[in-house]
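**Q** Got a predicted structure here, sequence first:
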Amino acid sequence: QVQLVESGGGLVQAGGSLRLSCAASGRTFSSLSMGWFRQALGKEREFVAAISWMNGRTYYADSVKGRFTISRDNAKNTLYLRMNSLKPEDTAVYYCAADLHGRYYDFEGYNYWGQGTQVTVSS
């Protein structure tokens, strides 16, 4: 079992920045491939970013490439998502996901999820 707790969401103006954190417990964090997804009101959950446990390779959705950065601190068992140049369309609940067993961009490919943290970007 893996427990995930997100934090760092909030209200920010367009153009601003936030850093989300996801604290993991229950299994060896360094052996888990991790991802971030988001779900806006009335829309499906969508892939944002992922990071491999094997080589630290990162993957991003086109909509956030160049603005968001996913990273991990294995010593702290924590996953991060740095979000810069935020836009109103980035408004969503952001979820941390762990233990990839399928495609990194597919939400069904992860075994564990956090409860989500709300990010609201005002124009």
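**A** Sure thing, it's come through. Numbering: from 1, shown residues only.
**Q** Next, count neighbours for the residue nearest to residue 47 when sequence neighbours are not counted.
**A** Excluding the flanking residues, the one nearest residue 47 by Cβ to Cβ, 6 or more residues apart in numbering is residue 105, at 4.1 Å. Just so you know, the C-beta spots here come from the backbone N, C-alpha and C atoms, and that holds for glycine as well. Per other Cβ atoms under 10 Å, the neighbour tally for residue 105 reads 16.
**Q** same deal with residue 10?
**A** The local packing of residue 10 (other Cβ under 10 Å) involves 13 other residues.
**Q** which residues touch the nearest residue to it once chain neighbours are set aside?
**A** Nearest non-adjacent residue to residue 10, counting by Cβ to Cβ, 6+ apart: residue 18, 6.4 Å away. Counting by Cβ atoms under 8 Å, 6 or more residues apart in numbering, residue 18 makes contact with 8, 9, 10, 12, 83, 86, 119.
**Q** now that we have the residues you listed, which one has the most neighbours?
**A** When neighbours are counted by other Cβ under 10 Å, residue 83 leads the contacts of residue 18 with 26 neighbours.
**Q** OK, contacts around that residue?
**A** Here residue 83 is in contact with 17, 18, 19, 20, 64, 67, 68, 90, 119 (criterion: Cβ under 8 Å, 6+ apart).
**Q** Next one: it from residue 8, what distance?
**A** For residue 83, the distance to residue 8 (Cβ to Cβ, to the nearest Å) stands at 9 Å.
**Q** most centrally placed residue in the protein?
**A** residue 36 (2.3 Å; Cα atoms, centre = their mean).
**Q** If we go by neighbour counts, what in the helix or strand where that residue lies is buried?
**A** For residue 36, the element it lies in under DSSP states H and E is strand 34-39. Using 16 or more other Cβ atoms under 10 Å as the test for burial, strand 34-39 gives 34, 35, 36, 37, 38.
**Q** just stretch 52-71 next, same as before
**A** By neighbour count on 16+ other Cβ under 10 Å, the buried set for stretch 52-71 is 53, 59, 60, 61, 64, 68, 70.
**Q** Many thanks, have a good one.
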